[in-house]
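Asks: Quick one: sequence plus predicted model below, questions after.
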Amino acid sequence: MADGHSVSSSRNPFALPTGVAGRLAGWIMARDDGPHREAAVLLAPAPGATVCEVGFGPGQLLAVLAERDPSIRLCGADPSEVMLAQARRRAPSADLRLGAADELPFYDDSADHVASINNVALWPDRGAGLAEARRVLQPGGTLLLAWHSSSAPSPMRRALARPDAWWDELLADVRNEFGNADRHNLRHLTACTATAPPADTAEEE
Ligand SMILES: C[S@@+](CC[C@H](N)C(=O)[O-])C[C@H]1O[C@@H](n2cnc3c(N)ncnc32)[C@H](O)[C@@H]1O
């Protein structure tokens, strides 16, 4: 699905961290976990729940969730080997793998939550990514897609905020795949949440 505001580029060390620049980008991203603390509150996984993170970067959300409740089972996929190494150090108990949104290396119905922070605008095919999130989610499981908000305290993050029209398009795509979607205007993040449909309707399309 086209993203008219794409920041995805193999030369952008924040979008796809590689080499020394990628390691530095991971270090910079990890200095501020305010957005991830905010996302963890919205996600609110129950004790023992499985959370799958798409594009975990240096692993701040994973670390926040592990600290809040060690019984939460964490897994995730990111295409960057540099981020995989940093996130494994930050969340050693998580099952972290190389992979991308449009081909998640996890079983059907294996997660209670799929979360993606500051990542969804980088997906080259949003429709494929949403279909993968729905496949991995158990019926009734929840999706959380969040991106920098225009009220973020950091000017660098604020500059990456997306216009309302972009969010309207994202919510329409999520409704198309999940049958529902809600927008949340938070401080660090703008977010979209959705609930995976029951098993009987999940097979209808
Ligand atoms: C800006 S960083 C955000 C990292 C972290 N989630 C955060 O909140 O700081 C973007 C991350 O998305 C990953 N990424 C890039 N393309 C991706 C794709 N198609 N699917 C999943 N992750 C992707 C990158 O490797 C990088 O770790």
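Replies: Received the coordinates, thanks.
Asks: And Gly55, how close does it get to Pro47?
Replies: With the distance defined as C-beta to C-beta, to the nearest Å, Gly55 ends up 25 Å from Pro47. Just so you know, the C-beta spots here come from the backbone N, C-alpha and C atoms, and that holds for glycine as well.
Asks: Which one of those two is surrounded by more residues?
Replies: Gly55 (25 against 8; other C-beta atoms under 10 Å).
Asks: What distance do you get for that one to Leu61?
Replies: Counting by C-beta to C-beta, the gap from Gly55 to Leu61 is 10 Å.
Asks: any shared contact partners between those two?
Replies: Residues touching both Gly55 and Leu61 (C-beta atoms under 8 Å, 6 or more residues apart in numbering) are Ile117.
Asks: Could you list the buried residues of the longest strand out of those in the chain?
Replies: Ranked by number of residues, the top strand in the chain under DSSP state E is strand 137-148. For strand 137-148, a neighbour-count test (16 or more other C-beta atoms under 10 Å) marks Leu137, Gln138, Gly141, Thr142, Leu143, Leu144, Leu145, Ala146, Trp147, His148 as buried.
Asks: Which of these sits closest to the ligand?
Replies: Using C-beta to the nearest ligand atom, Ala146 is the member of those that lies nearest the ligand, at 8.2 Å.
Asks: The closest one and Arg23, how far apart?
Replies: Noted for Ala146: a distance of 24 Å to Arg23, by C-beta to C-beta.
Asks: next one: Asp173
Replies: Going from Asp173 to Arg23 by C-beta to C-beta gives 33 Å.
Asks: I appreciate the help and will end here.
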